[in-house]
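[1] Fold the following for me, if possible:
(one chain, ligands or ions: 1)
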Amino acid sequence: MLRHLPLRPVLPLLVASTLCGIIGSLGTVLVLATIGQILNGRLHFGPEAAAGFMGLALFSVAGSGLSDILTNMTGQRITAAVRIDLARRMLTAPLAAIEKPGPQGLLPVLGGDVDMISDVAFAIGAISVSAGIAIGCLIYLAWLSLALFLWLLPILVIGGFIQFRARDRGIKGFWAGRAAEDRLHAHYRTIIDGARELRLDRRRRARIFQHEVIPAAQEVRQVTGRAIAFFVGANALGTLLLFAFITLVLTHPAMLPRDQMTSFILILLFLKGPIDQMMHNLPVLGRAQVAIRRIADLTARFTTFEPNVVLTEAPDDTPRVPARIALDGITYDYPQVAGAAPFSIGPIDLTFQRGEIVFIVGENGSGKTSLIKLLLGLMEPAQGQITVDGVPVTHETRDDYRQLFHTIFSDFHLFEDGPPPMQGAALDRWLDRLDLAHKVSVQDGVFTTTDLSTGQRKRLALVQAIFTKRPIMVFDEWAADQDPTFRRTFYTEILPELAAQGATVIVISHDDRYFHIANRLITMENGRMIESVSA
Ligand SMILES: Nc1ncnc2c1ncn2[C@@H]1O[C@H](COP(=O)(O)OP(=O)(O)OP(=O)(O)O)[C@@H](O)[C@H]1O
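    Purely as a prediction, here's the structure:
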């Protein structure tokens, strides 16, 4: 499982923490051996021996403590590296990879599973330190009495086998538990996204709670509880075996001289500590194994990177203004959804000239937004190509090409900050013109609030669009949420102004009252462009 983690950068830390752990374990075993010798009367416990004993104890505590600190640092660094790597992958992967699993598939992994990684480092640290102490104890036991140690050996093998089997069963349970947790998260999302609807629909609310949330939560409890029970059961069996062995030793006092017998039992009892520690951490390791596998599966979804998608701020991101963008024979096939006819776009041949206003119209589901996504380079066409002033957009140049556009989608995301020049008198004029000045202002490039009505939020997005100053502006049903006054201002004043300043304006619209504003009207039907009329 560890091969899925970025261990190379933390290798020195890992080695240092293991070394400290070994030193600490060695110190602990030496402390025990010293106690054994003092109890046996073989060592006179004078001031010198007391100082040596304290030195050893300090050695042991410092080694284990330092190992814990380094292990924690290792865990935190690995977790941070995984978080950064996942964010980088999500930002640079093709859009389809983000949209495919859906937020309920992504978020539990990004939250819960990634958090488990720091636990795994601690668990591994604790297990390795405990294993070190246990091995040291066993060597000491073998040195005390090889015969008794050989008696102990089969018990250790049986205990180990029981643990191995329990771990197997436990991990299966953890997988089932995580799958149930994913379902629970999906239900939480429904509760949050559909909060208003659920207040208004008592039957649906009760059904979601009774038949979806409760069963999923119970399933998580049951399968995870059962998995942990396997570990606990195996641990209890191991302890029982140890006590059975101690009973055996105590009932055969002739097997060892009395003083050695005391040391042997003392060490055996002490051995229970590190063994318990290991057993306690095995479920953590089991859960972490499931979490790391899930992170690896998620990472695998984002293995295809779009080339040249940079994550550093370029000093000047202003793209060159193109005179002509052309779509030549563009097609796209959506993956078929069960029970529905397959939907394809194109082939589409279309050009956009600098400074023109183009309306894309058509019935619901005719493919207007899909056409826009293809134009924006958000979906890769199956066939055909896009050219900018005659130069084809390639896989390598697609991200540069996208920087030509600013788009307000119908289901847009409103960022709280604007482009850097969003300030001054020009901003005040726009806020005033869009009747937002009394509601919102900009402080340090950030809107003072975005808690506004849907129409106002769209107007705020329009302010951002205007200050972003991209050569091509795309509006997907922007006016649908506006009152008649703003709708008129948008179509009859703002769009012509933007075009007059040299922007190409592409508008998806159902507002046939304003179709006359367009220089060209493109009509979509069932994924095909059936008409392109110049005004
Ligand atoms: N993610 C998707 N997976 C599969 N098919 C899809 C997906 N998105 C869209 N489609 C298909 O594409 C068709 C056109 O969708 P699109 O959003 O482009 O239509 P539209 O013309 O913008 O509609 P509206 O006017 O309702 O916004 C849909 O009817 C659907 O069959």
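[2] C-alpha only now, for contacts and for neighbours.
    Noted.
[3] what's the span of stretch 379-398 from first residue to last?
    10 Å (Cα to Cα, to the nearest Å).
[4] Is any residue of it near the ligand?
    No - figure legend: stretch 379-398 not in contact with the ligand (Cα under 6 Å from any ligand atom); closest approach 10.5 Å.
[5] List the buried residues in that stretch.
    The neighbour-count check on stretch 379-398 (16 or more other Cα atoms under 10 Å) flags Met379, Glu380, Pro381, Gly384, Gln385, Ile386, Thr387, Val388, Pro392, Val393, Arg398 as buried.
[6] How about the second one, nearest residue that isn't a chain neighbour?
    The one in question is Glu380. Leu374 (6.6 Å; Cα to Cα, 6 or more residues apart in numbering).
[7] Any idea how many residues pack against that neighbour?
    18 (other Cα atoms under 10 Å).
[8] so where does it fall, helix or strand?
    Assessed by DSSP states H and E, Leu374 sits inside helix 368-375.
[9] Parallel or antiparallel, list what pairs with whichever helix or strand comes after that helix.
    With elements assigned by DSSP H and E, the helix or strand that comes after helix 368-375 is strand 383-388. Note on strand 383-388: by DSSP bridges, its sheet partners are strand 324-333 (antiparallel), strand 391-392 (antiparallel).
[10] winner for burial among those?
    Ranked by mean neighbour count, the strands paired with strand 383-388 are led by strand 324-333 with a mean of 19 (mean count of other Cα atoms under 10 Å).
[11] just checking, what packs against whatever helix or strand comes next after that one?
    Under the assignment DSSP H and E, the closest C-terminal helix or strand after strand 324-333 is strand 344-353. Under the contact criterion of 3 or more Cα pairs under 8 Å, 6 or more residues apart in numbering; DSSP states H and E, strand 344-353 touches strand 324-333, strand 528-534.
[12] Can I get whichever helix or strand Arg199 is part of in PDB, CA atoms only?
    Element membership of Arg199 [criterion: DSSP H and E] is helix 195-200. The C-alpha trace of helix 195-200 is given here as PDB (Å, rounded to 0.1, in the frame of the first residue of the first chain):
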ATOM      1  CA  ALA A 195     -32.900  21.800   1.900                       C
ATOM      2  CA  ARG A 196     -35.700  24.100   0.700                       C
ATOM      3  CA  GLU A 197     -37.600  21.400  -1.200                       C
ATOM      4  CA  LEU A 198     -37.300  19.000   1.700                       C
ATOM      5  CA  ARG A 199     -38.900  21.500   4.100                       C
ATOM      6  CA  LEU A 200     -41.800  21.600   1.700                       C
END
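[13] which strands and helices sit next to that helix?
    helix 202-207.
[14] I'd like the strands paired with strand 383-388 laid out as CSV, including mean pLDDT.
    CSV is the format used below for these (pLDDT from 0 to 100):
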stretch, mean pLDDT
strand 324-333, 95
strand 391-392, 94
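[15] Can you convert the ones you listed into a markdown table and add a column each for distance to Arg433?
    Below are these laid out as a markdown table (distance: least, Cα to Cα, whole Å):
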| stretch | distance to Arg433 |
| --- | --- |
| strand 324-333 | 31 |
| strand 391-392 | 39 |
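[16] in the chain, which residue is closest to the centre?
    Leu110 (2.1 Å; Cα atoms, centre = their mean).
[17] Distance of that one relative to the ligand?
    The gap separating Leu110 from the ligand is 23 Å, by Cα to the nearest ligand atom, to the nearest Å.
[18] which stretches of the stretch 51-200 of the chain aren't confidently modelled?
    For the stretch 51-200 of the chain, applying pLDDT under 70 flags the ranges 100-105.
[19] That one: strands as residue ranges?
    Remark: strands of the stretch 51-200 of the chain are absent; assignment by DSSP state E, counting those that start in this stretch.
[20] Repeat that for the stretch 351-500 of the chain.
    Under DSSP E, counting those that start in this stretch, the stretch 351-500 of the chain gives strands at 357-362, 383-388, 391-392, 405-408, 442-443, 446-447, 472-476.
[21] Just put these in a markdown table and tack on distance to Arg203.
    A markdown table is the format used below for the strands of the stretch 351-500 of the chain (distance: least, Cα to Cα, whole Å):
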| stretch | distance to Arg203 |
| --- | --- |
| strand 357-362 | 37 |
| strand 383-388 | 48 |
| strand 391-392 | 55 |
| strand 405-408 | 36 |
| strand 442-443 | 44 |
| strand 446-447 | 40 |
| strand 472-476 | 35 |
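[22] Among those, which comes closest to Arg204?
    strand 472-476 (32.3 Å; Cα to Cα).
[23] Any idea how far that closest one is from the middle of the chain?
    Counting by Cα atoms, centre = their mean, to the nearest Å, strand 472-476 is centred 31 Å from the centre of its parent chain.
[24] Neighbouring strands of it in the sheet, and parallel or not?
    By DSSP bridges, strand 472-476 pairs with strand 405-408 (parallel), strand 504-508 (parallel).
[25] Comparing these, which comes out most buried?
    Highest mean neighbour count among those (mean count of other Cα under 10 Å): strand 504-508, a mean of 25.
[26] near the ligand, anything from that strand?
    No - on the criterion Cα under 6 Å from any ligand atom, strand 504-508 is out of touch with the ligand, staying 8.0 Å away.
[27] Look at Val337 and say how many residues are nearby.
    Other residues close to Val337 by other Cα under 10 Å number 9.
[28] phi, psi of it?
    Taking degrees, to the nearest 10, you get phi -100, psi 140 for the backbone angles of Val337.
[29] what's across from Ile360 in the sheet?
    Ile508, Ile522.
[30] separation between it and the ligand?
    9 Å.
[31] was I right about that residue contacting Ser509?
    Yes - using Cα atoms under 8 Å, Ile360 makes contact with Ser509 at a distance of 6.5 Å.
[32] Who has more neighbours out of these two?
    Ile360 (25 against 19).
[33] OK, contacts around the more buried one?
    Ile360 is in contact with Lys368, Ile506, Val507, Ile508, Ser509, Leu521, Ile522, Thr523, Met524, counting by Cα atoms under 8 Å, 6 or more residues apart in numbering.
[34] before we move on, the earlier item: would CSV of the buried residues of stretch 379-398 with distance to Ala80 be doable?
    Formatted as CSV, the buried residues of stretch 379-398 follow (distance: Cα to Cα, whole Å):
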residue, distance to Ala80
Met379, 31
Glu380, 32
Pro381, 36
Gly384, 42
Gln385, 40
Ile386, 39
Thr387, 41
Val388, 40
Pro392, 39
Val393, 36
Arg398, 30
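[35] now, the most widely separated pair of these?
    Every pair of the buried residues of stretch 379-398 checked by Cα to Cα; the farthest is Met379 and Val388, at 16.9 Å.
[36] residues near the residue lying closest to Met422 once chain neighbours are set aside, how many?
    In space, and not counting its chain neighbours, Met422 is closest to Phe467: 5.9 Å by Cα to Cα, 6+ apart. Applying other Cα under 10 Å, we find 17 residues neighbouring Phe467.
[37] And for the one 5 residues further on?
    Applying the criterion other Cα under 10 Å, we find 27 residues in the vicinity of Ile472.
[38] likewise Ile78?
    Ile78 - counted by other Cα under 10 Å - has 22 other residues nearby.
[39] My understanding was that it contacts Val10; is that so?
    Yes - counting by Cα under 8 Å, Ile78 touches Val10, with 7.4 Å between them.
[40] sorry, back to before: can you tell me which of the contacts of Ile360 is closest to the ligand?
    Checking the contacts of Ile360 against the ligand by Cα to the nearest ligand atom gives Lys368 as the nearest, at 3.8 Å.
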